[in-house]
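[1] When you get a sec, could you give me coordinates for this:
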Amino acid sequence: MKYIPNILTVIRLCLIPVFILLFFSSIPSGQFYALLVFIVAGITDVLDGQIARRYNLVSVFGTLLDPLADKLMLLAALICLALVGIVPVWALVIVYLKELFMICTGALLYFRREKFVIPANHFGKTATVAFSTAVFLLILLPNHWLSFSALLVAIGLKFVALGSYIVSYRRRTKKTGL
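    From the prediction side, this is the model:
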């Protein structure tokens, strides 16, 4: 039981190339099947978090790998959508730079002597749900004002989450004197 959350996270990582292959496949309704893979990945994300918290199976590995899997799936979906002209390149660049900053900063903090990890908070989780909703809408309703609006809201929420992580880091460093 103790490895199930991490196994679900690894499955989510393995779904990323499946999403990409289906999105660009020539099979009828390939993008719809890619959307189903995206939804399954989202379900595994919810499940691994619930199982880890409910059975006290939270691990450093999971705390690091879970948000990385989320970020990589999100970036894969946005890159696919940008390549077919559904997502503007500027939006992809903004999200990519923000996520790259978070990944690099997270790795830097983890590989310090203190093994500091900033866990996901409600701002980050809300932003993830908003982006999942935006990707869902962008695939189902490409080039629709509602989809684009959802994307803009999700980008805004990503920056709110970034601000909350910076505040969390500063509070912790003040407390511990890091």
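
[2] so what's residue 82 scoring on pLDDT?
    pLDDT for residue 82: 96.

[3] again but with residue 175, I slipped
    74.

[4] Now it: which helix or strand?
    Assigned by DSSP states H and E, residue 175 belongs to helix 145-176.

[5] Nearest residue to the middle of this protein?
    Nearest residue to the geometric centre of the chain (C-alpha atoms, centre = their mean): residue 70, 2.7 Å.

[6] In three-state terms, label it for me.
    Look at residue 70: counting by DSSP: H, G, I helix; E, B strand; the rest coil, its state is helix.

[7] Do I have it right that it meets residue 42?
    No: using C-beta atoms under 8 Å, residue 70 is not in contact with residue 42; the gap is 9.1 Å. For the C-beta atoms, the positions are set from N, CA and C on the backbone; glycine is no exception.

[8] so where's the chain uncertain?
    1, 113-117, 119, 176-178 (pLDDT under 70).

[9] again, only using 50
    By pLDDT under 50, the chain contains no weakly predicted segment.

[10] those helices in it, which residues are they?
    For the chain, the helices defined by DSSP state H occupy 4-24, 30-54, 60-83, 89-110, 122-140, 145-176.

[11] Just the buried positions in the last one, please.
    Applying a neighbour-count criterion of 16 or more other C-beta atoms under 10 Å, one finds 147, 148, 150, 151, 154, 155, 157, 158, 161, 162, 164, 165 buried in helix 145-176.

[12] Excluding chain neighbours, what is closest to residue 74?
    Distance criterion C-beta to C-beta, 6 or more residues apart in numbering; nearest residue to residue 74, sequence neighbours excluded, is residue 131 at 5.5 Å.

[13] what do you get for residue 47?
    Leaving aside its sequence neighbours, residue 47 sits nearest to residue 8 (C-beta to C-beta, 6+ apart; 5.7 Å).

[14] Please apply the same query to residue 124.
    Of all residues beyond its chain neighbours, the one nearest residue 124 is residue 161 (4.3 Å), with distances taken as C-beta to C-beta, 6+ apart.

[15] show me what contacts that neighbour?
    The contact partners of residue 161, by C-beta atoms under 8 Å, 6 or more residues apart in numbering, come to 121, 123, 124, 126, 127.

[16] Phi first, then psi, for the first one.
    Pointing back at residue 121 there. Recorded main-chain torsions at residue 121 are phi -120, psi -180, according to degrees, to the nearest 10.

[17] That one against residue 166, yeah?
    No: with contacts counted by C-beta under 8 Å, residue 121 stays clear of residue 166, the gap being 11.7 Å.

[18] re the thing from before, okay, now the residue nearest to residue 47: neighbour count?
    Per other C-beta atoms under 10 Å, the neighbour tally for residue 8 reads 23.

[19] I figured it was touching residue 46, is that so?
    No: using C-beta under 8 Å, residue 8 makes no contact with residue 46, being 9.5 Å away.
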